[in-house]
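1. what's the 3D shape of this:
(chains A and B)
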Number of protein chains: 2
Amino acid sequence: MNTWKNNLRDIEPYVPGEQSKESDIVKINANENPYPPSPMAVKALREFGAESLRFYPSADATPLKEALAEHYGVGVENVFLGNGSDDVIALSFQAFFNSEKPIAYPDITYSFYPVWCRLLKIPYKTYPLTDSFRINVEDYKEENGGVIIPNPNAPTSICEGEEFVRRLMDYNTDSVVIIDEAYVDFGGYSSVKLTKEYENLLVTGTFSKSRSLAGMRIGFAIGSRTLISVLEAVKNSYNSYTVDSLSIAMGIASVKDDEYFRETINKVINTRERVTNEMRALGFTVLDSSANFIFATHESVSAKEIFEYLKTKKVFIRYFNLPRIDNYLRISIGTDGEMDRFLTELKNYLKEKKK
Amino acid sequence: MNTWKNNLRDIEPYVPGEQSKESDIVKINANENPYPPSPMAVKALREFGAESLRFYPSADATPLKEALAEHYGVGVENVFLGNGSDDVIALSFQAFFNSEKPIAYPDITYSFYPVWCRLLKIPYKTYPLTDSFRINVEDYKEENGGVIIPNPNAPTSICEGEEFVRRLMDYNTDSVVIIDEAYVDFGGYSSVKLTKEYENLLVTGTFSKSRSLAGMRIGFAIGSRTLISVLEAVKNSYNSYTVDSLSIAMGIASVKDDEYFRETINKVINTRERVTNEMRALGFTVLDSSANFIFATHESVSAKEIFEYLKTKKVFIRYFNLPRIDNYLRISIGTDGEMDRFLTELKNYLKEKKK
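-> Sure, this is the predicted structure:
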């Protein structure tokens, strides 16, 4: 009979950006950092006592929580850790979004949110960004089962400020609000200090962008003791040991090396500003970015065609074939050398098109 | 009003064994391997190009799947990877246990199963082990929404053979059957080759015990293309990058170093047989173990008291205050030196009790 097939989960997963292993490519399609991890983190890797890997990692990874608590000026009981911020957000959905009411988020945003809602059977409602891709905070007055806002938003790159977040919190005293700050270190406004005022505010972050440790899978959340303790209980009902021993060691070293952190962030920001200006001079509308990527559209040339052309030149950027943004390109900020190659190929293409 | 607190998840998490960081301790309470990871895995760690950690890991980790496929004589499309076998099993519950009928497992078993059922709202029914702690396969004739059996079972250490698994599969043609083989490498019967015959059989495994890589979080599953593809879709709806880049590199090196693997397993088995014999001579009933731990009870001395006494001597074993097994001890197999200290302290205690 084989009726077991009836109970298999039928689900449409998230599709990540293409990963190419070719050499001589410019890979600016996954919002990765062009600079290596902190030399202190690399030293922690080199000096790690490998024989201790026979033991399970620390289930609560306290030393890494302590390092983050110090960095952010919060208590260790206000810090949660996970296997990348995707894991942290997926656990947060399970911890906080248990109402019958739909959760609220923007129509243009991180494409994993609807995927998690489908997986976890959480109802959701999206609210359209304005024509200039801003979030209208008044939309979030409507009753909901929770709110999640990426700030800076992705793929728009735009960051909202303190007034926006305070109004969002004032409108949402009856549900948990998650601010997903994956990109905030590149010059955005962080709501971390507001977690001390609003007990229902959770801020999530990642080591994958500003700390160049995407390969090690480290994500975190900061919030009130109430929120963090519920998150810990859910996590310990799923998997006690989500962050491995080497990630803990490298994570601590990275957080402690604040000088390198600031230095690489500044390099990315400077490159971003230069590329933004050059692209605007080429006729692109480039949104004001507070992230390590830019979101741009050209007045007369198709985004999809640019994306396809650059691919043939081994320059990989990201294109989303989605309503409202199907004439936009998302370009991660690489090294100056990588961005020069991107700009050169882009100029070549525009020149050809003009002929 | 703060009604947001009404929608927080209220859940009782799994409580792992105690972790002590004291020196001079004998830690035989978490079924960890007493020997370090393969020197080849350590070499892979030492030589890893740390600058590449700025990139996300390979989402499908194909090279590690290929190594496992070769080791087990299956296709790469029959292998699934996760962040430890807890992650693999939690994802499997979501992938396969979507019936309204309860899933079936033994009353004495890995204590995470009911925790996952509560988290994921999966109904379950437990079937009592026999008085000699064996699984009665006839129990699993009853209609169910899925079956999960650890083989060897934990904490009993007993492994069932091929006939048991074939009958289990014959009785369960309408649901997915998971065999959790976390401990199988220490001399148990593996059902991996049966996955070629039974399309609804999934076998899970881990690098945490026999491969001494608990600190790196690597788990896997082997099954039909149908089961693995559903599992992949669920995983990619949760977190695309669960296994980090260093775990992939060390995992591959470990699988390829078959000589070291067999050598350490044989050492653990030899120590286990010696300790079993010595404990039996001391008046213990020790179940026949196919795992890297033993499960034992004494004819006249309380298990709880032995556990408490050994703790004062810095020898940490595991005691479960649970129905039917509250006079049993679970002792992980350490090095010969560690087990000698365990046996010495145990003999001291028994001598004192006799006075």
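2. mind listing the strands in chain A by residue range?
-> A:26-27, A:79-82, A:103-106, A:124-127, A:147-150, A:177-180, A:201-206, A:219-222, A:284-286, A:293-298, A:315-316, A:329-332 (DSSP state E).
3. Check which helices and strands the first one sits against.
-> Under the contact criterion of 3 or more CB pairs under 8 Å, 6 or more residues apart in numbering or on different chains; DSSP states H and E, the helices and strands touching strand A:26-27 comprise strand A:315-316, helix A:336-354. The C-beta positions use only the backbone N, C-alpha and C, and glycine is treated the same way.
4. Make a markdown table out of the ones you listed and add mean pLDDT, distance to B:Arg274 and mean neighbour count.
-> Formatted as a markdown table, these follow (pLDDT from 0 to 100; distance: least, CB to CB, whole Å; neighbours: other CB atoms under 10 Å in any protein chain shown):
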| stretch | mean pLDDT | distance to B:Arg274 | mean neighbour count |
| --- | --- | --- | --- |
| strand A:315-316 | 97 | 58 | 24 |
| helix A:336-354 | 95 | 60 | 16 |
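5. okay if I get those as CSV plus distance to chain B?
-> Converted to CSV, these look like this (distance: least, CB to the nearest CB, whole Å):
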stretch, distance to chain B
strand A:315-316, 12
helix A:336-354, 13
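6. Just put those in TSV and tack on distance to A:Ala221.
-> Formatted as TSV, the helices and strands packed on strand A:26-27 follow (distance: least, CB to CB, whole Å):
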stretch	distance to A:Ala221
strand A:315-316	31
helix A:336-354	32
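7. Which of the ones you listed sits closest to B:Asp107?
-> strand A:315-316 (53.8 Å; CB to CB).
8. Now find how far off-centre the closest one is within its chain.
-> Strand A:315-316 sits 20 Å away from the centroid of its parent chain (CA atoms, centre = their mean, to the nearest Å).
9. Centre-most residue in chain A?
-> A:Ala182 (3.4 Å; CA atoms, centre = their mean).
10. OK, contacts around that residue?
-> Residues near A:Ala182 by CB atoms under 8 Å, 6 or more residues apart in numbering or on different chains: A:85, A:110, A:150, A:154, A:204-206, A:208-209.
11. just checking: which of those residues also lie near chain B?
-> A:Ser208 (CB under 8 Å from any CB of the partner chain).
12. Taking the contacts of A:Ala182, please make a PyMOL selection of just the buried ones.
-> Of those, the buried ones can be selected in PyMOL as follows, counting by 16 or more other CB atoms under 10 Å in any protein chain shown:
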select buried, chain A and resi 85+110+150+154+204+205+206+208+209
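13. quick one: which of the contacts of A:Ala182 is nearest A:Asp340?
-> So of these, ranked by how close each gets to A:Asp340 (CB to CB), first place is A:Lys209, at 21.8 Å.
14. That closest one and A:Glu32 touch, don't they?
-> Yes - when contacts are counted by CB atoms under 8 Å, A:Lys209 is listed as touching A:Glu32 (7.5 Å).
15. one step back: any chance of the strands of chain A in TSV, with distance to A:Val42 too?
-> Formatted as TSV, those follow (distance: least, CB to CB, whole Å):
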stretch	distance to A:Val42
strand A:26-27	21
strand A:79-82	21
strand A:103-106	37
strand A:124-127	41
strand A:147-150	29
strand A:177-180	28
strand A:201-206	19
strand A:219-222	20
strand A:284-286	34
strand A:293-298	25
strand A:315-316	26
strand A:329-332	22
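16. which one of those lies closest to B:Ile178?
-> Nearest to B:Ile178, of the strands of chain A and by CB to CB, is strand A:79-82 at 24.7 Å.
17. Which strands or helices does the closest one pack on?
-> Partner elements for strand A:79-82 (3+ CB pairs under 8 Å, 6+ apart): helix A:62-72, helix A:85-96, strand A:219-222, helix A:225-236.
18. Mind putting the ones you listed into a markdown table with distance to A:Ser300?
-> Shown next, in a markdown table, are the helices and strands packed on strand A:79-82 (distance: least, CB to CB, whole Å):
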| stretch | distance to A:Ser300 |
| --- | --- |
| helix A:62-72 | 45 |
| helix A:85-96 | 37 |
| strand A:219-222 | 40 |
| helix A:225-236 | 48 |
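19. can you redo the ones you listed as TSV with mean pLDDT?
-> What follows is those, written out as TSV (pLDDT from 0 to 100):
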stretch	mean pLDDT
helix A:62-72	97
helix A:85-96	97
strand A:219-222	98
helix A:225-236	96
